[in-house]
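**Q** Provide a 3D model corresponding to the input given below.
(2 chains, ligands or ions: 2)
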Amino acid sequence: MTDEPTDQDLRRHPGRGPMDKVEESVDHAAIDDEITSRQEVSGFGTILRTQPFWVFVAIIAIGLVMSFVSDAFMTERNMFNITRNMAFFGIMALGMSAVICTAGIDLSVGSLLGLCAITLGLTLQAGWGVLPGFLVCMATAAVVGLINGVLIAYLRLAPFVVTLGMLAMARSIAMVLSDNKMIYEFGPQQDLFEWIGGESVLGVPNVVWVLGILTAIFWWVWKFTSWGRWVIAIGGNAQAAKLSGIPVERMIVSVYVVCSMCTGVAAFMFIGYTGSATNGMGVTYELNVIAATVIGGANLMGGVVYALGAPIGAALVELIRNSLLLAGIPALWQQFFVGLFLILAVLLEQIRNRGGK
Amino acid sequence: MSLLELESITKSFGAIHALSGVDLSIAPGEAVGLMGDNGAGKSTLMKIIAGNFMPTSGEIRIDGQRVEFNKPLDAREAGIEIVYQDLALCDNLTAGANVYLGRELKKKVGPFSMLDYAAMYANAGKLFAGLKSETRPRDLVKQMSGGQRQAVAIARTQLSDPKLVLMDEPTAAISVRQVAEVLALIKRLKETGHAVILVSHRMPDVFEVCDRVAVLRRGTKVADKKITDTSPEEVTGLIIGAIEAA
Ligand SMILES: Nc1ncnc2c1ncn2[C@@H]1O[C@H](COP(=O)(O)OP(=O)(O)OP(=O)(O)O)[C@@H](O)[C@H]1O
Ligand SMILES: [Mg+2]
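**A** Numbers count the residues shown, from 1 in each chain, chains lettered A, B, ... in the order given. Ligands and ions are numbered 1, 2, ... in the order given. Predicted structure coming up:
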């Protein structure tokens, strides 16, 4: 079957809700004669033009200020805490970057963290080892990602709605499965399990190692694989990608699966770290993960992705939290500042785009 | 013998009859202009040849063999490439990346296979040079002029060394100076032995590069003449219906 044209087919972005209309008719005739500075995609100049770079500068600046404000800031202990706390969000943000690159969104990651916590916890509690537990955790994530992806790619439902529905359903299943009880018995390999999530190697928390390795893998994937190239192409112009023979639907499904699997990894580490699993875990995490991703340079219109953006965005979010704490500002203000920086990040991106044109 | 023959091609979208019984043939190395008013069915016919749509009825033959294109890849494998009306480029990628989109070159490094940037940029550069275009493979498409975008879209078609290149209004959204550049690209294609079907609203373009002109009106072909046997006035009359058929 060829594509019988429908309204939906004509949409440039199957991964996106119908309400976003892209400015399609750029007047290329008008820019014909005014092209003076062409942009090469290499060299240091391009690094200066990326969002993660400027967020990184902001992190250094806040860090400098904080080292004067609070003696506790620059301590090894505090750095250890900051990097460990940000790593959970960073891992989830790596996957979220892929989804947002296709102009999609995944609101279900927080609930999925809770669901993974419960399936993982129940498996370990039942006397299984760490490896089966890990596999069950990842399988849970994969199934949820698959459902999201299929509904979005093939039934062409808006990602916002599908994952909002999943946010509610996954949380509910977690409650049913756990019977609303906390799990803290992690079976025969409890010590190993808690070591993986909570301890460190060479003075660096294990979860930070995992974030580092995953970031490196994603960097490679975005730069050197056709999967990465195709996801970026879909975010740029889904119809063009389709006409070029890229299996757009399958790619979108895979992107949601990847996003969920990242959450699965984060869940596995997180439960080991906290030493208990409850069905309330990860509530509102989707906000922090999306904030970290967007602050790290992802564009909700799609087509932009930086592997380093996820850890950098997550670092800024965690740094804000930590700084407020050390500066003695009540914790109630935390979400305010996360939200503020999210809006500032989007504003910064707007300004850079206007400047670049 | 004809490279491509269409016989009584019909296409309906629900109640809309976009094409009703169109015949068309094109010989190797020939350039045919396809003209007609808005909504006459030109793009629809192009998309049927390129495998985007299946005709509701009718037959497509290539080198005398009956073919059925279920997807664009089938047409591509039969030696047909298309430049879409809306160009179908990804603005966020470079010219080179767009040329190779969906057909990326890879190289092996140990157990890993990775995109071969050097080879893709080098080859894309050669394709642009072959088209005598100054487009640079590493430039982002977002920053490109209409003419350069056309060059990218046309270079894309050259990857598979096609027999037939379909072009849907390549000169629509660009400045006068760029039009000359695109017409030069089309002549280049002809010189290198490609058959071309050029959809255009611009009479001078068709009369400059085409050997034949076919006119569609409300889904039927009302004329198919050698360029030397007709005139812009006659073609205009045929398009708007002042002349019934010729
Ligand atoms: N995907 C589609 N779904 C429904 N109707 C369509 C579709 N594509 C084309 N049509 C209809 O088929 C008819 C022919 O359209 P087509 O795009 O082929 O015209 P055209 O000759 O290319 O016009 P233009 O000069 O404006 O590009 C029109 O009435 C159009 O509305
Ligand atoms: Mg058209």
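**Q** which parts of chain B are strands?
**A** B:4-13, B:16-26, B:31-36, B:57-62, B:65-67, B:80-83, B:106-109, B:112-115, B:164-168, B:195-199, B:212-217, B:220-226 (DSSP state E).
**Q** tabulate those (CSV), appending mean pLDDT.
**A** What follows is the strands of chain B, written out as CSV (pLDDT from 0 to 100):
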stretch, mean pLDDT
strand B:4-13, 91
strand B:16-26, 91
strand B:31-36, 93
strand B:57-62, 91
strand B:65-67, 89
strand B:80-83, 89
strand B:106-109, 89
strand B:112-115, 89
strand B:164-168, 91
strand B:195-199, 93
strand B:212-217, 92
strand B:220-226, 90
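**Q** as CSV, these with mean neighbour count would be great.
**A** Bear in mind the C-beta positions are built from the backbone N, C-alpha and C, glycine included. Below are those laid out as CSV (neighbours: other C-beta atoms under 10 Å in any protein chain shown):
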stretch, mean neighbour count
strand B:4-13, 18
strand B:16-26, 19
strand B:31-36, 24
strand B:57-62, 17
strand B:65-67, 12
strand B:80-83, 26
strand B:106-109, 12
strand B:112-115, 15
strand B:164-168, 24
strand B:195-199, 24
strand B:212-217, 24
strand B:220-226, 17
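**Q** select, out of those, the one closest to residue A:264.
**A** strand B:112-115 (24.0 Å; C-beta to C-beta).
**Q** could you dump the strands of chain B to a markdown table with distance to residue A:257?
**A** Compiled in a markdown table, the strands of chain B are given as follows (distance: least, C-beta to C-beta, whole Å):
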| stretch | distance to residue A:257 |
| --- | --- |
| strand B:4-13 | 35 |
| strand B:16-26 | 38 |
| strand B:31-36 | 44 |
| strand B:57-62 | 38 |
| strand B:65-67 | 37 |
| strand B:80-83 | 32 |
| strand B:106-109 | 23 |
| strand B:112-115 | 21 |
| strand B:164-168 | 36 |
| strand B:195-199 | 41 |
| strand B:212-217 | 46 |
| strand B:220-226 | 49 |
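**Q** need those strands in CSV with distance to ligand 1, can you?
**A** Output for those, formatted as CSV (distance: least, C-beta to the nearest ligand atom, whole Å):
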stretch, distance to ligand 1
strand B:4-13, 3
strand B:16-26, 3
strand B:31-36, 5
strand B:57-62, 15
strand B:65-67, 21
strand B:80-83, 13
strand B:106-109, 35
strand B:112-115, 33
strand B:164-168, 7
strand B:195-199, 7
strand B:212-217, 7
strand B:220-226, 12
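**Q** out of these, flag the one nearest residue A:322.
**A** Nearest to residue A:322 among those is strand B:112-115 (37.8 Å), distances taken as C-beta to C-beta.
**Q** who in chain B is up against ligand 1?
**A** Applying C-beta under 6 Å from any ligand atom, we find that chain B lies next to ligand 1 at B:13, B:16, B:18, B:36, B:38, B:39, B:40, B:41, B:42, B:43, B:44.
**Q** one more time with 8 Å
**A** With C-beta under 8 Å from any ligand atom as the criterion, chain B meets ligand 1 at residues B:11, B:13-14, B:16, B:18-19, B:36-47, B:53, B:85, B:168-169, B:199, B:201, B:216, B:219.
**Q** restrict these to contacts with chain A.
**A** Among the residues of chain B next to ligand 1, proximity to chain A is found for B:13, B:53 (C-beta under 8 Å from any C-beta of the partner chain).
**Q** just name the shakiest helix or strand of chain B by mean pLDDT.
**A** None of the helices or strands of chain B scores lower by mean pLDDT, DSSP states H and E than helix B:176-191, at a mean of 82.
**Q** tell me what that one is packed against?
**A** Applying 3 or more C-beta pairs under 8 Å, 6 or more residues apart in numbering or on different chains; DSSP states H and E, we find helix B:176-191 packed against helix A:28-32, helix B:146-157, strand B:195-199, helix B:203-209.
**Q** please report phi then psi for the closest residue to ligand 1 within the stretch 201-350 of chain A.
**A** The stretch 201-350 of chain A approaches ligand 1 most closely through residue A:239 (12.0 Å), counting by C-beta to the nearest ligand atom. Main-chain dihedrals, residue A:239, degrees, to the nearest 10: phi -70, psi -40.
**Q** give the contact list for residue A:56.
**A** Residues near residue A:56 by C-beta atoms under 8 Å, 6 or more residues apart in numbering or on different chains: residue A:312.
**Q** and the helix or strand harbouring residue A:191, what does it pack onto?
**A** In the assignment (DSSP states H and E), residue A:191 maps to helix A:190-198. On a contact count with 3+ C-beta pairs under 8 Å, 6+ apart, helix A:190-198 meets helix A:130-153, helix A:206-224, helix A:248-274.
**Q** how about the ones you listed in a markdown table, adding distance to residue B:212?
**A** Shown next, in a markdown table, are the helices and strands packed on helix A:190-198 (distance: least, C-beta to C-beta, whole Å):
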| stretch | distance to residue B:212 |
| --- | --- |
| helix A:130-153 | 43 |
| helix A:206-224 | 47 |
| helix A:248-274 | 37 |
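**Q** look up the closest residue to the spatially most central residue of chain A, ignoring the ones flanking it.
**A** Among the residues of chain A, the one closest to the centroid is residue A:93, at 1.9 Å (C-alpha atoms, centre = their mean). Excluding its sequence neighbours, the residue lying closest to residue A:93 (C-beta to C-beta, 6 or more residues apart in numbering or on different chains) is residue A:310, at 3.7 Å.
**Q** helix, strand, or coil at the residue nearest to the centre of chain A?
**A** Here residue A:93 is helix, with the state taken from DSSP: H, G, I helix; E, B strand; the rest coil.
**Q** so for it, what's the pLDDT?
**A** Predicted confidence (pLDDT) for residue A:93: 96.
**Q** looks like it contacts residue A:307 (just checking).
**A** No. Between residue A:93 and residue A:307 there is no contact under C-beta atoms under 8 Å: 10.4 Å.
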